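1. Build me a model from this:
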Amino acid sequence: MDDLEKAILIMFDESGATDDDLKKQAKVYCNDIKEKPSICRLCIEKLCYSNLVQVQFWCLQTLHEVIRTRYLTMTPDERRMIRSSVFSIVCLEDKSLTRVLEGPAFIKNKLAQVLITLIYFEYPLVWSSVFVDFFPHLNKGNVVIDMFCRVLNALDDELISLDYSRTPEELTVASRVKDAMRQQCVTQIVRAWYDIVSMYRNSDQELCTSVLDSMKRYISWIDIALIVNDVFIPLLFDLILVGHLSDHLRGAALRCLLAVVSKRMDPQSKLSLLQSLHISRVLRLVTEDGDAELISDIAALLTGYAMEALDCFKRINSEDAKGISMELLSEVLPSIFYLMKNFEVDATFNIVQFLSGYVAILKSFAPLPEKQLLHLGQILEVILVLIRYDSAYRTNLDVMDKIGKEEEDRMVEFRKDLFVLLRTVGRVAPDITQLFIRNSIASAVSRSSDSNVEEVEGALSLLYALGESISEETIRTGSGLLSELVLMLISTKFSCHSNRLVALVYLETVTRYVKFIQDNTQYIPMVLAAFLDERGIHHPNMNVSRRASYLFMRVVKLLKVKLVPFIETILQSLQDTVAQFTIMNYTSDELSGSEDGSHIFEAIGLLIGTEDVLPEKQSDYLSSLLSPLCRQVEALLINAKLLSFEETNAKIAVIQQIIMAINSLSKGFSERLVTASRPAIGLMFKQTLDVLLQVLIIFPKVEPLRNKVTSFIHRMVDTLGASVFPYLPKALEQLLEEIEPKQMIGLLLLLNQLICKFSTLVRDILEETFPVVAEQIFSVIPRNGLPSGPDAITEEIRELQELQRTLYTFLHVIASHDLSPVFLSAKCKAYLDPVMQLILYSSCNHKDILVRKACVQIFIRLIKDWCGQPYEEKVPGFRSFVIEAFATNCCLYSVLDRSFEFHDANTYVLFGEIVLAQKVMYEKFGDDFLVHFVSKGFSSAHCPPDLAEQYRQKLQGGDFKALKSFYKSLVENLRLQQNGSLVFR
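-> Numbering: from 1, shown residues only. Okay, here's the model as predicted:
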């Protein structure tokens, strides 16, 4: 063993015993050898004499790499030597070279790849006989035949197949190679395939399988007549239909037939081809026992055949030809249906796509022929079979463990196309579809037991999915069999209802069809029972119970007034659920996510919050809910600060639940009801607010509680309207107590809501809160912007960015609601300068275009507010600040920057605001603005006098669109003039 072989063995050693440094040295040594001029000769010598697989692989890999990268620089003699040596090994011209062809598959594949690299450069111009020279060697037996197949496969993989992306050069070479092969040797290759399969079909079926799998790759681009003839097609069918042959060989023959069927050609020729195959010969195999792989190959062939027949139907106009296409489809469809219902096949996706296409063409049939109606029924049967869960996963799905979650996610994705197919069938044949679903549910009910969970879930899922394609009007009127279906649904109790999946799809389906109940109120008790008994809110599975609460809330929203007579019954039924929601040992971990159980309180609020409920009853209902909850909060707050950490956390969790419940309950009450028509209700909510504000005093720094109380204040602002005012100072005082900058976002959102709802009425409140807000925010946000770039973005920076965005919205809301005097009040004016500097900087530089637009709009509003009359100076220094800083930097320099992209829609809107700002400045400041803007701004940008004069005229004119259009062209001209030589900012 020489040094090179030792180095190769070290380099490929995966045992872990070799030192990494030694491996690196070996790699360097081998790479140095690669650079030698004699490397190709060295590799071929090693191939001829070395028995080490690692050495053989390294030599072949190196040859492949060297030929690919250095071929054009090689001498003719070197190319000839490589060519003859490689071909000699491939064709076993020297018996001593069998070591390579008898080696592992990856060595033979690499050898084939080397030969294909030579073909890439040399065939047909230099080495025209490469394929022809192969044929005489095929009689050496299976070793050379196997190599012949590998070479053809490698040619397809490396050059011809369009399954891989190809460069334009590779496509040109592939076209050249195919043209030469068609002209020179394809006929002989096909003859060789036929002879080999005929000769070895009984003695070496694995070899025949390899030959057919190679042949399959070439059918798409060779003359189809070489395969579709009285010799080859009978051979393929013989291989498929003879039972004693291996399933692998039969599968390979099926795949060849599929390639024949899929061959591109004009539709009339394709139809003739499909007829000539007499595919019915294969159909009997469908019912035979075969391995899963063979079944999948049969399914793929029949699906491919059916898709081609369908394509012929679509593309041919002749009625006779369309009739033949439909006959061919009718011949294979029953077998496809059988396969789909009884086997798991790889081609399921393709079959579903084909069936969707088939159903789509049936829309043009009026009326539908009996055979096609039968097909639609069979398609529905297939869908029902395929959407069923595997019973092996039943427990996993019920307890929703990791395996169950994965299986449910997989099925949700898998069902999507099947439900699309169902809805397509439903549109083409609604009566058949509804009848099928009714019978499926009836069948599931008749065999109802814990063992048919999957059957029940599947039938209900069909009804649920169908509802997506039915109009609300159709559901409401219950046309067709829908009324019967809905009645069957709401009146049925399945014995497997305790199963999570069955319970969930049942409730979802009832909710989807509940519009039918709007005009059929006699069925309301049945719908209520479905939600209120053990099928829904009282289901033993907490996930089902929570989902039922949410869906019940949606049902209440829809039926609302029609449920008023049933309020007593509903509240009585929900007593235990309401009490359980706020029990002392309930933890926040048990109730997390969007479906936290609080929707039941929203449903109750919607029920009792309507004016159709008598005032006395309404007060009683609300009091019976709010009073215990408030008393519970007060009890939890007593001595809360003296408790241990664990006890405190338990109390906090319960208080959170109570606030969520009260918040949800309040959603059913309108501002008009609680303030105008029934103020007693409003008083109850005010008292509740008073109690909940105590939470902030006892737990000022508990983030979840702050958020929940803040959310309730938001709710009360909407519900109580202006009558909430007496409570706001105390609320805001508590929220501002020891507030941290990151908690400021919630407070700003609350202030925004107050301003938007009450406008100038909140001026006094704003003057009190603004200094604290400004002080906190400016302590953490730099006035020249936050760091940007992927490396600079940390979680803390993200929080500050969100705070900054909320601040800009806050300032914009203040300015746009006639509250700009707040900035000038005695308590706030100390922050005027930092606020103006921040808005100026952001209007020019902020990365978010929408923020820049908001800042420009703030300036426009402040100019209008503080500069009412020409030359009036409400705010000393503001006028000159706007003219000298804002006008020049934002309205000129920022738009001259090439990062300001006019083709971006948001940026162009910002540009419109910038032009509007100039118009407003001219109206308020007159020539003071215009002279400064032109003499200082335009001159620094080297603007030609004639363009400056045109700008003056456009600004003084009344046409805003003309001004905007001109200013855009002016900016573009100035950019061209500068050509990047001047950086304005």
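
2. Go ahead and confirm V173 touches T117.
-> No - contact criterion CB atoms under 8 Å: V173 and T117 do not qualify, at 11.2 Å. (C-beta placed from N, C-alpha, C; glycine too.)

3. So between these two, which is more surrounded?
-> T117 (22 against 18; other CB atoms under 10 Å).

4. list the contacts for the residue lying closest to the more buried one once chain neighbours are set aside?
-> Nearest residue to T117 in three dimensions, chain neighbours excluded: I67, at 4.7 Å (CB to CB, 6 or more residues apart in numbering). I67 makes contacts with C40, I82, V114, T117, L118, F121, as judged by CB atoms under 8 Å, 6 or more residues apart in numbering.

5. for S759, same thing?
-> The neighbours of S759, taking CB under 8 Å, 6+ apart as the test, are H817, D818, L819.

6. again, 7 Å this time
-> S759 makes contact with H817, D818, according to CB atoms under 7 Å, 6 or more residues apart in numbering.

7. What values do phi and psi take at it?
-> With angles defined as degrees, to the nearest 10, S759 sits at phi 50, psi -130.

8. Check S670 too.
-> According to degrees, to the nearest 10, S670 has phi -90, psi 160.

9. do the same with V875
-> V875 has phi and psi values of phi -120, psi 110 when expressed as degrees, to the nearest 10.

10. any idea how far it is from S820?
-> Distance from V875 to S820, counting by CB to CB, to the nearest Å: 9 Å.

11. where do the contact lists of those two overlap?
-> Common neighbours of V875 and S820 (CB under 7 Å, 6+ apart) are W866.

12. Distance-wise, check F354 relative to F237.
-> In this view, F354 and F237 are 23 Å apart by CB to CB.

13. which of these two has more neighbours?
-> F354 (23 against 17).

14. you'd agree I914 is up against F859?
-> No - in this structure, I914 is not within contact of F859 by CB atoms under 7 Å, at 9.8 Å.

15. For this structure, name the helix or strand with the lowest mean pLDDT.
-> The weakest-scoring helix or strand in the chain, judged by mean pLDDT, DSSP states H and E, is helix 98-101 (a mean of 85).

16. What residues sit buried inside the helix or strand immediately after that helix in the chain?
-> Next along the chain after helix 98-101, taking DSSP states H and E as the criterion, comes helix 105-122. Within helix 105-122, the residues that count as buried by 16 or more other CB atoms under 10 Å are 107-108, 110-121.

17. Alpha carbons of helix 105-122, as PDB, please.
-> Coordinates of each C-alpha in helix 105-122 appear next as PDB, following Å, rounded to 0.1, in the frame of the first residue of the first chain:
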ATOM      1  CA  ALA A 105     -23.300  -0.100  -6.600                       C
ATOM      2  CA  PHE A 106     -21.900   3.400  -5.700                       C
ATOM      3  CA  ILE A 107     -18.600   2.500  -7.400                       C
ATOM      4  CA  LYS A 108     -20.400   1.400 -10.600                       C
ATOM      5  CA  ASN A 109     -22.600   4.500 -10.500                       C
ATOM      6  CA  LYS A 110     -19.600   6.700 -10.200                       C
ATOM      7  CA  LEU A 111     -17.900   4.900 -13.100                       C
ATOM      8  CA  ALA A 112     -21.000   5.500 -15.200                       C
ATOM      9  CA  GLN A 113     -20.900   9.200 -14.200                       C
ATOM     10  CA  VAL A 114     -17.300   9.400 -15.500                       C
ATOM     11  CA  LEU A 115     -18.300   7.900 -18.800                       C
ATOM     12  CA  ILE A 116     -21.200  10.400 -19.100                       C
ATOM     13  CA  THR A 117     -18.800  13.300 -18.500                       C
ATOM     14  CA  LEU A 118     -16.800  12.100 -21.500                       C
ATOM     15  CA  ILE A 119     -20.000  11.800 -23.600                       C
ATOM     16  CA  TYR A 120     -20.900  15.400 -22.600                       C
ATOM     17  CA  PHE A 121     -17.700  16.700 -24.300                       C
ATOM     18  CA  GLU A 122     -17.200  14.100 -27.100                       C
END
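
18. now for the helix or strand following it, which elements pack on it?
-> Counting by DSSP H and E, the next helix or strand C-terminal to helix 105-122 is helix 142-155. Helices and strands touching helix 142-155, by 3 or more CB pairs under 7 Å, 6 or more residues apart in numbering; DSSP states H and E, are helix 105-122, helix 205-218.

19. Next, the angle from the shortest one to helix 142-155.
-> In terms of direction (axes from the mean of the first three to the mean of the last three CA atoms, to 10 degrees), helix 205-218 departs from helix 142-155 by 30 degrees.

20. got a list of contacts for the helix or strand just after helix 205-218?
-> Per DSSP H and E, the first helix or strand lying C-terminal to helix 205-218 is helix 232-241. With contact meaning CB under 7 Å, 6+ apart, helix 232-241 is reached by 194, 197-198, 201, 245, 249-250, 253-254, 256-257, 281-282.

21. Generate a PyMOL selection restricted to the buried subset of those.
-> With 16+ other CB under 10 Å as the criterion, this PyMOL line picks the buried residues out of these:
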select buried, resi 194+197+201+245+249+250+253+254+256+257+282
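
22. closest to E14 among the contacts of helix 232-241?
-> Distance to E14 across the contacts of helix 232-241 (CB to CB) is lowest for L249, with 35.5 Å.

23. what residue ranges in this protein are flagged as low confidence?
-> 289-290, 448-451, 584-595, 783-792, 869-872, 978-985 (pLDDT under 70).

24. which SSE is the residue most central in space within it in?
-> Nearest residue to the geometric centre of the chain (CA atoms, centre = their mean): E413, 11.5 Å. Assigned by DSSP H and E, E413 falls within helix 402-428.

25. any idea where the strands of this protein begin and end?
-> For the chain, strands defined by DSSP state E do not occur.

26. G597 against S549, yeah?
-> Yes - assessed by CB under 7 Å, G597 is found in contact with S549 at 5.7 Å.

27. gap between S272 and H942?
-> Taking CB to CB, one finds S272 at 76 Å from H942.

28. right, I mislabeled it, should have said D596
-> For D596, the distance to H942 - CB to CB - is 64 Å.

29. same question, I160
-> Counting by CB to CB - I160 and H942 are separated by 61 Å.

30. Same question for D195.
-> In terms of CB to CB, D195 sits 84 Å off from H942.

31. do the same with I713
-> 56 Å.

32. Show me which of the two is the more surrounded one.
-> Neighbour count, other CB under 10 Å: between I713 and H942, I713 has more, with 24 against 11.

33. list the contacts for the more buried one?
-> Per CB under 7 Å, 6+ apart, neighbours of I713: A731, L750.

34. Look at K27 and say how many residues are nearby.
-> Neighbours of K27 (other CB under 10 Å): 14.

35. I'd say it and D13 touch.
-> No - judged on CB under 7 Å, K27 makes no contact with D13 at a distance of 11.6 Å.

36. Tell me who's in contact with I316.
-> P267, Q268, L271, K322, S325.

37. Stretch 697-708 spans what distance, first to last residue?
-> 14 Å (CA to CA, to the nearest Å).

38. Spatially, and excluding backbone neighbours, which residue is closest to V352.
-> The spatial neighbour of V352 that comes closest, neighbours along the chain excluded (CB to CB, 6+ apart), is D417 at 4.9 Å.
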